[in-house]
Each structure stands twice: as structure tokens, then as C-alpha cells.
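Student: Give me the fold of what follows.
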Amino acid sequence: MKKLETNKETLINQGVKNLSNKIADTRNHYTHLPDSKPPIPINELMVLTKKLKIIIEICFLYELGFNVNTINEISDNFHY
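Tutor: Numbers count the residues shown, from 1 in each chain. Now for the predicted structure:
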């Protein structure tokens, strides 16, 4: 996992927006088109969900006031 950078916009530029779009598209698929083929396979959805969980945990740590170095140390133990 890439090290956390201090700028929140940089996180978005590193693929968070793409990740969230994939998850949202899949959510919309299962909500509105349950009988058609999903936009991403279920195994990829599981990986994306784990990545999103890590991103949310990092954001919580950041908002709680943890410094970037501490967040990087903690996130080194995250696995997906």
C-alpha cells in the first residue's frame, strides 16, 4: 500500500475516486438490476471492499489527529 500523503486531494488522485465509483456502480447494479451480470466479479468486489475499509480507517485516524508518520506505521499492518 502506498504511503499516506498529507494532502487529502492526493488520496483521491491515487485511485480512491475510481475505487468508490466501482463500488457504487456495483451497489447500484445489485439494487436496481439484480438479474443482469454485475459490473465487477464478486471476488474483485471483496478485494475492493477490503481496500475501501482500509481507506476509511486511514481517514478516521487522520481526522482523529494522528500524524502522518503514525498512520503510515499503523497502515503497514493493514492487509487486503
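
Student: Residue 16: what's it in contact with?
Tutor: residue 55 (CB atoms under 8 Å, 6 or more residues apart in numbering). For glycine as for every other residue, the C-beta is placed from the backbone atoms N, C-alpha and C.

Student: before we move on, what SS does it have?
Tutor: Under DSSP: H, G, I helix; E, B strand; the rest coil, residue 16 falls in the helix class.

Student: Listing request: residues of this structure with sub-threshold pLDDT.
Tutor: Within the chain, the ranges that satisfy pLDDT under 70 run 1-14, 79-80.

Student: what's the single longest helix in it?
Tutor: Determined from DSSP state H, the single longest helix within the chain is helix 42-63.

Student: That one packs against which elements?
Tutor: helix 17-32, helix 68-75 (3 or more CB pairs under 8 Å, 6 or more residues apart in numbering; DSSP states H and E).

Student: Quick check: which of the ones you listed is nearest to residue 58?
Tutor: helix 68-75 (5.9 Å; CB to CB).

Student: which parts of that closest one are buried?
Tutor: 71-72, 75 (16 or more other CB atoms under 10 Å).

Student: Could you do stretch 39-52 as well?
Tutor: In stretch 39-52, counting by 16+ other CB under 10 Å, buried: 39, 45, 48, 51-52.

Student: next one: stretch 52-72
Tutor: So stretch 52-72, judged by 16+ other CB under 10 Å, has buried residues 52, 55, 58, 61-62, 66, 71-72.

Student: One more: stretch 26-43?
Tutor: Buried, per 16+ other CB under 10 Å, within stretch 26-43: 26, 39.

Student: Could you check how far that stretch is from the centre of its chain?
Tutor: Centroid separation for stretch 26-43 versus its chain: 18 Å, with CA atoms, centre = their mean, to the nearest Å.
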